[in-house]
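S.K.: Could you work out the structure for the sequence below:
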Amino acid sequence: MALQITDESFKEFIAGNKSFVVDFWAEWCGPCRMIGPVIEELAKEYEGKVIIGKMNVDENDETPADYGIRSIPTILFFKNGVLSDKLIGVAAKSLVEEKLKAIL
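M.R.: Alright, predicted model coming up:
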């Protein structure tokens, strides 16, 4: 299951120089509900290899503002704590997985 990431826990991941993926979403967002199951599947498949989490933009406003998140869903890919790639909107599982493998 994908972790529920908050502004506070996000700072810990960045400081720890970890590789991780964050899906920025909201409950009212239709496209977010479409890609949500893909994120959950990948979180199970890559458990122990990479951290995959979701951040609700309605409950956390600092991190989305820091990264200029203006559209959701937006997925950010971090390698060693540095932003390496992003996806905006709904994407096929294969595309998300391709970008995820690049940060391993």
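S.K.: What is the least confident helix or strand in the chain?
M.R.: helix 7-15 (a mean of 90; mean pLDDT, DSSP states H and E).
S.K.: tell me what the helix or strand following it is packed against?
M.R.: Per DSSP states H and E, helix 7-15 leads on to strand 20-25 as the next helix or strand towards the C-terminus. Counting contacts by 3 or more Cβ pairs under 8 Å, 6 or more residues apart in numbering; DSSP states H and E, strand 20-25 packs against helix 30-45, strand 51-56, strand 74-79. Every C-beta, even on glycine, is put in place using the N, C-alpha and C of the backbone.
S.K.: want to throw these into TSV with mean pLDDT and distance to A91?
M.R.: Below are the helices and strands packed on strand 20-25 laid out as TSV (pLDDT from 0 to 100; distance: least, Cβ to Cβ, whole Å):
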stretch	mean pLDDT	distance to A91
helix 30-45	97	7
strand 51-56	96	14
strand 74-79	97	8
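S.K.: Go ahead and flag the most central residue of this structure.
M.R.: Nearest to the mean C-alpha position of the chain, by Cα atoms, centre = their mean, lies V22 at 1.5 Å.
S.K.: And L83, which helix or strand is it part of?
M.R.: Element membership of L83, judged by DSSP H and E, is strand 82-88.
S.K.: and the angle from the least confident helix or strand of the chain to strand 82-88?
M.R.: Between helix 7-15 and strand 82-88, the angle comes out at 130 degrees (axes from the mean of the first three to the mean of the last three Cα atoms, to 10 degrees).
S.K.: before we move on, the earlier item: let me know which of the helices and strands packed on strand 20-25 is the nearest to T63.
M.R.: With respect to T63, and counting by Cβ to Cβ, the nearest of the helices and strands packed on strand 20-25 is strand 51-56 at 6.3 Å.
S.K.: pLDDT (mean, whole number) over the helix or strand following the closest one?
M.R.: Going down the chain from strand 51-56, the next helix or strand is helix 62-66, by DSSP H and E. The average pLDDT for helix 62-66 rounds to 97.
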